[in-house]
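*Asks:* Provided below for reference: sequence and predicted model.
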Amino acid sequence: MIKNKPPARHHFVPQLLLRNFVDDAGELHVYDRRTPDREVFNNPPEKVFFESQLYTSYERDLSKNVDLELAFADLEGIVAPVVMRIVEGARQGQNVAPHPGERQLLALYTYFQWKRVPDNFRRYSSLERLRLDGEKALRKFEAEFGALDNHEKEHFEKDETWRRMLQNVRRDVIASGNPSIVDTINNMTLCIVRISNPKNAFIISSCPVYKLHFPGRATLGDPDLEMWFPIASEVSLVWVGQGRETLFRTLTDGVEVRRLNKAAAAKANVIASRSSALTRSLASSVGTQI
(Lines give C-alpha, C1' and ligand atoms only; values in the text may rest on other atoms or scores of the structure.)
Protein backbone atom coordinates (compact mmCIF):
# COMPACT_ATOMS: atom_id res chain seq x y z
CA MET A 1 0.00 0.00 0.00
CA ILE A 2 1.43 3.38 -1.04
CA LYS A 3 1.55 5.96 1.75
CA ASN A 4 0.64 9.56 1.06
CA LYS A 5 3.75 11.67 0.64
CA PRO A 6 4.08 14.26 3.44
CA PRO A 7 3.40 17.81 2.19
CA ALA A 8 6.58 19.76 1.38
CA ARG A 9 5.03 23.11 0.42
CA HIS A 10 3.75 24.71 3.59
CA HIS A 11 1.54 27.73 2.88
CA PHE A 12 1.77 30.29 5.67
CA VAL A 13 -1.11 32.16 3.99
CA PRO A 14 -3.69 29.47 3.18
CA GLN A 15 -4.92 28.97 -0.35
CA LEU A 16 -8.51 29.19 0.92
CA LEU A 17 -7.81 32.90 1.58
CA LEU A 18 -5.63 33.52 -1.45
CA ARG A 19 -8.39 32.34 -3.78
CA ASN A 20 -10.54 35.22 -2.49
CA PHE A 21 -8.03 37.74 -3.88
CA VAL A 22 -7.51 36.46 -7.43
CA ASP A 23 -8.41 38.17 -10.69
CA ASP A 24 -10.87 36.78 -13.24
CA ALA A 25 -8.18 34.44 -14.57
CA GLY A 26 -7.60 32.94 -11.12
CA GLU A 27 -4.22 34.58 -10.58
CA LEU A 28 -2.68 36.90 -8.02
CA HIS A 29 -0.60 39.96 -8.87
CA VAL A 30 2.39 39.69 -6.54
CA TYR A 31 5.26 41.90 -5.43
CA ASP A 32 8.16 40.62 -3.30
CA ARG A 33 10.50 43.31 -2.03
CA ARG A 34 13.31 40.76 -1.69
CA THR A 35 13.30 40.22 -5.47
CA PRO A 36 12.59 43.74 -6.78
CA ASP A 37 13.93 42.96 -10.27
CA ARG A 38 10.90 40.73 -10.87
CA GLU A 39 8.65 43.74 -10.30
CA VAL A 40 4.97 42.67 -10.23
CA PHE A 41 4.42 39.08 -11.38
CA ASN A 42 1.40 36.79 -11.74
CA ASN A 43 0.97 33.42 -10.05
CA PRO A 44 -1.91 31.18 -8.99
CA PRO A 45 -2.48 30.74 -5.23
CA GLU A 46 -0.70 27.40 -5.01
CA LYS A 47 2.59 28.96 -6.13
CA VAL A 48 2.91 31.85 -3.66
CA PHE A 49 3.03 32.47 0.09
CA PHE A 50 4.66 29.15 0.95
CA GLU A 51 8.05 27.84 2.04
CA SER A 52 9.40 24.33 1.75
CA GLN A 53 9.17 22.41 5.04
CA LEU A 54 8.35 25.61 6.96
CA TYR A 55 6.56 23.83 9.82
CA THR A 56 8.58 20.61 9.73
CA SER A 57 10.48 19.48 12.81
CA TYR A 58 13.17 16.82 12.99
CA GLU A 59 13.10 13.74 15.20
CA ARG A 60 16.22 12.29 16.84
CA ASP A 61 16.67 9.91 13.91
CA LEU A 62 16.42 12.98 11.56
CA SER A 63 13.06 11.87 10.17
CA LYS A 64 10.68 14.71 9.34
CA ASN A 65 7.62 15.46 11.45
CA VAL A 66 4.92 17.43 9.59
CA ASP A 67 2.22 17.19 12.26
CA LEU A 68 2.00 20.98 12.64
CA GLU A 69 1.39 21.50 8.92
CA LEU A 70 -1.29 18.81 9.00
CA ALA A 71 -2.87 20.46 12.07
CA PHE A 72 -3.02 23.79 10.25
CA ALA A 73 -4.60 22.04 7.27
CA ASP A 74 -7.24 20.55 9.58
CA LEU A 75 -7.96 23.97 11.12
CA GLU A 76 -8.30 25.51 7.66
CA GLY A 77 -10.72 22.78 6.63
CA ILE A 78 -12.92 23.54 9.66
CA VAL A 79 -12.84 27.32 9.30
CA ALA A 80 -13.23 27.42 5.49
CA PRO A 81 -17.07 27.13 5.44
CA VAL A 82 -17.37 29.91 8.03
CA VAL A 83 -15.09 32.24 6.07
CA MET A 84 -16.87 31.53 2.80
CA ARG A 85 -20.31 32.07 4.34
CA ILE A 86 -19.22 35.48 5.63
CA VAL A 87 -17.60 36.44 2.31
CA GLU A 88 -20.48 35.29 0.13
CA GLY A 89 -22.98 37.01 2.40
CA ALA A 90 -21.03 40.28 2.27
CA ARG A 91 -20.78 40.08 -1.52
CA GLN A 92 -24.57 39.80 -1.68
CA GLY A 93 -25.06 42.65 0.76
CA GLN A 94 -26.15 40.34 3.58
CA ASN A 95 -24.97 40.59 7.18
CA VAL A 96 -23.89 37.07 8.13
CA ALA A 97 -22.99 36.88 11.82
CA PRO A 98 -21.05 33.84 13.06
CA HIS A 99 -22.61 31.96 15.97
CA PRO A 100 -20.58 31.80 19.25
CA GLY A 101 -18.70 28.63 18.33
CA GLU A 102 -17.79 30.00 14.91
CA ARG A 103 -16.73 33.29 16.48
CA GLN A 104 -14.32 31.50 18.79
CA LEU A 105 -13.00 29.56 15.81
CA LEU A 106 -12.39 32.82 13.92
CA ALA A 107 -10.53 34.21 16.95
CA LEU A 108 -8.30 31.12 16.99
CA TYR A 109 -7.75 31.35 13.24
CA THR A 110 -6.88 35.05 13.46
CA TYR A 111 -4.39 34.32 16.22
CA PHE A 112 -2.56 31.62 14.29
CA GLN A 113 -2.56 33.63 11.05
CA TRP A 114 -0.77 36.34 13.01
CA LYS A 115 1.64 33.99 14.78
CA ARG A 116 2.54 31.45 12.11
CA VAL A 117 3.94 33.73 9.36
CA PRO A 118 7.71 34.10 8.79
CA ASP A 119 7.45 37.90 8.67
CA ASN A 120 6.44 37.70 12.31
CA PHE A 121 8.40 34.91 13.97
CA ARG A 122 11.70 35.54 12.16
CA ARG A 123 11.92 38.97 13.75
CA TYR A 124 12.48 37.30 17.11
CA SER A 125 14.73 34.36 16.29
CA SER A 126 17.83 33.84 14.18
CA LEU A 127 20.33 31.10 13.48
CA GLU A 128 23.18 33.34 14.62
CA ARG A 129 21.55 34.06 17.99
CA LEU A 130 20.67 30.41 18.60
CA ARG A 131 24.18 29.23 17.78
CA LEU A 132 25.80 31.90 19.95
CA ASP A 133 23.62 30.98 22.93
CA GLY A 134 23.97 27.26 22.25
CA GLU A 135 27.75 27.32 22.07
CA LYS A 136 27.86 29.34 25.30
CA ALA A 137 25.72 26.64 26.96
CA LEU A 138 28.04 23.93 25.61
CA ARG A 139 31.09 25.64 27.11
CA LYS A 140 29.31 25.82 30.46
CA PHE A 141 28.40 22.14 30.16
CA GLU A 142 32.01 21.16 29.43
CA ALA A 143 33.30 23.23 32.35
CA GLU A 144 30.94 21.40 34.70
CA PHE A 145 30.86 17.88 33.31
CA GLY A 146 33.94 17.51 31.13
CA ALA A 147 34.75 17.80 27.45
CA LEU A 148 32.51 16.50 24.70
CA ASP A 149 33.77 13.47 22.82
CA ASN A 150 34.90 13.75 19.19
CA HIS A 151 31.56 12.56 17.81
CA GLU A 152 29.66 15.15 19.86
CA LYS A 153 32.05 17.93 18.86
CA GLU A 154 31.69 17.02 15.20
CA HIS A 155 27.90 17.05 15.59
CA PHE A 156 27.84 20.59 17.01
CA GLU A 157 30.35 21.91 14.47
CA LYS A 158 27.89 21.27 11.64
CA ASP A 159 25.74 24.19 10.47
CA GLU A 160 22.95 21.74 9.68
CA THR A 161 22.74 20.72 13.35
CA TRP A 162 21.96 24.28 14.39
CA ARG A 163 19.55 24.80 11.49
CA ARG A 164 17.56 21.76 12.57
CA MET A 165 17.58 22.94 16.18
CA LEU A 166 16.27 26.36 15.16
CA GLN A 167 13.59 24.73 13.03
CA ASN A 168 12.47 22.62 16.00
CA VAL A 169 12.44 25.59 18.38
CA ARG A 170 10.36 27.67 15.97
CA ARG A 171 7.98 24.81 15.35
CA ASP A 172 7.44 24.27 19.08
CA VAL A 173 6.86 27.99 19.73
CA ILE A 174 4.33 28.28 16.90
CA ALA A 175 2.53 25.10 17.94
CA SER A 176 2.31 26.00 21.62
CA GLY A 177 -0.32 28.70 21.20
CA ASN A 178 -1.55 31.05 23.90
CA PRO A 179 -5.16 30.48 24.99
CA SER A 180 -5.29 33.77 26.90
CA ILE A 181 -4.55 35.74 23.71
CA VAL A 182 -7.21 33.78 21.83
CA ASP A 183 -9.67 34.57 24.62
CA THR A 184 -8.71 38.25 24.46
CA ILE A 185 -9.42 38.32 20.73
CA ASN A 186 -12.69 36.46 21.18
CA ASN A 187 -13.77 38.99 23.82
CA MET A 188 -13.24 41.89 21.41
CA THR A 189 -15.92 43.28 19.13
CA LEU A 190 -15.84 41.64 15.72
CA CYS A 191 -16.57 44.05 12.88
CA ILE A 192 -17.12 42.62 9.41
CA VAL A 193 -16.14 45.32 6.92
CA ARG A 194 -17.23 45.29 3.27
CA ILE A 195 -15.91 47.58 0.54
CA SER A 196 -18.85 48.92 -1.45
CA ASN A 197 -17.04 50.36 -4.48
CA PRO A 198 -15.96 47.58 -6.89
CA LYS A 199 -13.07 49.79 -8.04
CA ASN A 200 -11.46 49.46 -4.60
CA ALA A 201 -9.99 46.32 -3.05
CA PHE A 202 -8.01 45.04 -0.11
CA ILE A 203 -4.62 43.45 -0.67
CA ILE A 204 -3.38 40.32 1.07
CA SER A 205 0.16 40.15 2.38
CA SER A 206 2.72 37.81 3.88
CA CYS A 207 1.64 39.26 7.23
CA PRO A 208 -2.13 38.99 6.67
CA VAL A 209 -3.17 40.01 10.20
CA TYR A 210 -1.96 43.47 11.16
CA LYS A 211 -2.59 45.87 14.02
CA LEU A 212 -3.36 49.59 13.85
CA HIS A 213 -2.63 51.44 17.06
CA PHE A 214 -1.22 54.58 18.60
CA PRO A 215 2.55 54.64 19.31
CA GLY A 216 3.40 52.58 22.37
CA ARG A 217 -0.10 51.11 22.61
CA ALA A 218 0.13 47.82 20.73
CA THR A 219 -1.42 45.52 23.34
CA LEU A 220 -4.68 43.83 22.43
CA GLY A 221 -6.35 45.22 25.54
CA ASP A 222 -6.03 48.79 24.31
CA PRO A 223 -9.55 50.05 23.46
CA ASP A 224 -8.30 51.98 20.42
CA LEU A 225 -6.33 49.12 18.83
CA GLU A 226 -7.69 47.53 15.66
CA MET A 227 -6.65 44.09 14.41
CA TRP A 228 -7.35 43.81 10.68
CA PHE A 229 -7.60 40.51 8.83
CA PRO A 230 -8.71 40.83 5.17
CA ILE A 231 -10.32 37.56 4.08
CA ALA A 232 -11.31 38.63 0.54
CA SER A 233 -10.67 41.50 -1.85
CA GLU A 234 -13.77 43.26 -0.54
CA VAL A 235 -14.15 41.84 2.99
CA SER A 236 -12.12 42.10 6.18
CA LEU A 237 -12.52 40.95 9.74
CA VAL A 238 -11.63 43.64 12.27
CA TRP A 239 -11.26 42.93 15.98
CA VAL A 240 -11.53 46.05 18.13
CA GLY A 241 -12.33 47.14 21.69
CA GLN A 242 -14.32 44.83 23.91
CA GLY A 243 -17.85 43.54 24.12
CA ARG A 244 -18.09 40.32 22.07
CA GLU A 245 -20.48 42.03 19.68
CA THR A 246 -20.60 41.40 15.94
CA LEU A 247 -21.03 44.58 13.89
CA PHE A 248 -21.18 45.28 10.17
CA ARG A 249 -19.66 48.25 8.39
CA THR A 250 -19.63 49.36 4.78
CA LEU A 251 -16.42 51.06 3.69
CA THR A 252 -17.10 53.67 1.01
CA ASP A 253 -13.99 55.85 1.23
CA GLY A 254 -11.32 54.88 -1.31
CA VAL A 255 -8.76 57.01 0.54
CA GLU A 256 -9.34 54.95 3.69
CA VAL A 257 -8.94 51.70 1.73
CA ARG A 258 -5.66 53.06 0.40
CA ARG A 259 -4.48 53.91 3.92
CA LEU A 260 -5.29 50.41 5.13
CA ASN A 261 -3.50 48.77 2.21
CA LYS A 262 -0.39 50.86 2.83
CA ALA A 263 -0.44 49.87 6.49
CA ALA A 264 -0.71 46.19 5.53
CA ALA A 265 2.10 46.46 2.97
CA ALA A 266 4.43 48.22 5.42
CA LYS A 267 4.48 45.22 7.75
CA ALA A 268 5.14 42.58 5.07
CA ASN A 269 7.77 41.36 2.61
CA VAL A 270 5.23 40.24 0.00
CA ILE A 271 1.87 41.60 -1.12
CA ALA A 272 -0.68 40.40 -3.64
CA SER A 273 -4.00 41.54 -5.04
CA ARG A 274 -6.43 40.99 -7.90
CA SER A 275 -4.96 43.95 -9.79
CA SER A 276 -1.49 44.51 -11.20
CA ALA A 277 -2.00 48.27 -10.98
CA LEU A 278 -3.01 48.07 -7.31
CA THR A 279 -0.04 45.91 -6.35
CA ARG A 280 2.37 48.11 -8.30
CA SER A 281 1.03 51.27 -6.67
CA LEU A 282 1.87 49.88 -3.22
CA ALA A 283 5.31 48.44 -4.01
CA SER A 284 7.15 51.38 -2.43
CA SER A 285 5.32 50.79 0.87
CA VAL A 286 6.20 47.10 1.16
CA GLY A 287 8.36 46.29 4.17
CA THR A 288 8.87 49.86 5.36
CA GLN A 289 8.03 48.88 8.96
CA ILE A 290 9.97 45.62 9.12
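*Replies:* Sure thing, it's come through. Numbering: from 1, shown residues only.
*Asks:* tell me where the stretch 1-150 of the chain has strands.
*Replies:* Assigned by DSSP state E, counting those that start in this stretch, the strands in the stretch 1-150 of the chain fall at 9-11, 28-32, 41-43, 50-52, 57-58, 64-65.
*Asks:* highest average neighbour count across those?
*Replies:* strand 28-32 (a mean of 23; mean count of other Cβ atoms under 10 Å). The C-beta positions use only the backbone N, C-alpha and C, and glycine is treated the same way.
*Asks:* His151: which of the strands of the stretch 1-150 of the chain is closest?
*Replies:* For these, proximity to His151 was assessed by Cβ to Cβ; strand 57-58 is nearest, at 18.3 Å.
*Asks:* out of everything not next to it in sequence, what's closest to Leu130?
*Replies:* Take Leu130 and drop its neighbours on the chain: the residue closest to it by Cβ to Cβ, 6 or more residues apart in numbering is Leu166, 4.9 Å away.
*Asks:* the one you found - that's part of a helix, no?
*Replies:* Yes: using DSSP: H, G, I helix; E, B strand; the rest coil, the secondary structure at Leu166 is a helix.
*Asks:* so how far is Thr288 from it?
*Replies:* 27 Å (Cβ to Cβ, to the nearest Å).
*Asks:* those two - which one has more neighbours?
*Replies:* Using other Cβ atoms under 10 Å, the more surrounded residue of Leu166 and Thr288 is Leu166, with 18 against 12.
*Asks:* that one against Glu128, yeah?
*Replies:* No: using Cβ atoms under 8 Å, Leu166 makes no contact with Glu128, being 9.9 Å away.
*Asks:* point out where this protein drops to low pLDDT.
*Replies:* 1-4, 124 (pLDDT under 70).
*Asks:* who's sitting farthest from the centroid in it?
*Replies:* Within the chain, the residue lying farthest from the chain centre (Cα atoms, centre = their mean) is Gly146, at 43.9 Å.
*Asks:* for Arg163, which non-adjacent residue is closest in space?
*Replies:* Leu127 (6.4 Å).
*Asks:* neighbours of that neighbour, how many?
*Replies:* Other residues lying near Leu127 total 13 when counted by other Cβ under 10 Å.
*Asks:* and the residue nearest to Leu130, what does it touch?
*Replies:* Leu166 makes contact with 125-127, 130 under the criterion Cβ atoms under 8 Å, 6 or more residues apart in numbering.
*Asks:* please repeat the previous calculation with a cut-off of 7 Å.
*Replies:* By Cβ atoms under 7 Å, 6 or more residues apart in numbering, the contact list for Leu166 reads 125, 127, 130.
*Asks:* next one: Val13
*Replies:* 49, 204, 206, 208.
*Asks:* again, only this time at 8 Å
*Replies:* Val13 touches 49, 113, 117, 204, 206, 208, counting by Cβ under 8 Å, 6+ apart.
*Asks:* next: Ala8.
*Replies:* Per Cβ under 8 Å, 6+ apart, neighbours of Ala8: 52-53.
*Asks:* next one: phi and psi at it?
*Replies:* Phi and psi for Ala8, reported as degrees, to the nearest 10, are phi -100, psi -30.
*Asks:* cool, and Asp61?
*Replies:* phi -90, psi 10.
*Asks:* for the residue lying closest to Pro45 once chain neighbours are set aside, give its distance to Val270.
*Replies:* Excluding the flanking residues, the one nearest Pro45 by Cβ to Cβ, 6+ apart is Leu18, at 3.6 Å. Look at Leu18 and Val270: by Cβ to Cβ, they are 11 Å apart.
*Asks:* shared neighbours of the two, anything?
*Replies:* With Cβ under 8 Å, 6+ apart, Leu18 and Val270 have common neighbours 48-49.
*Asks:* which one of the contacts of Val13 is nearest to His29?
*Replies:* Looking across the contacts of Val13 and measuring by Cβ to Cβ, the closest to His29 is Ile204, at 10.9 Å.
*Asks:* the closest one: how many residues sit nearby?
*Replies:* So Ile204, with other Cβ under 10 Å, has 29 neighbours.
*Asks:* just Lys140 next, same as before
*Replies:* 10.
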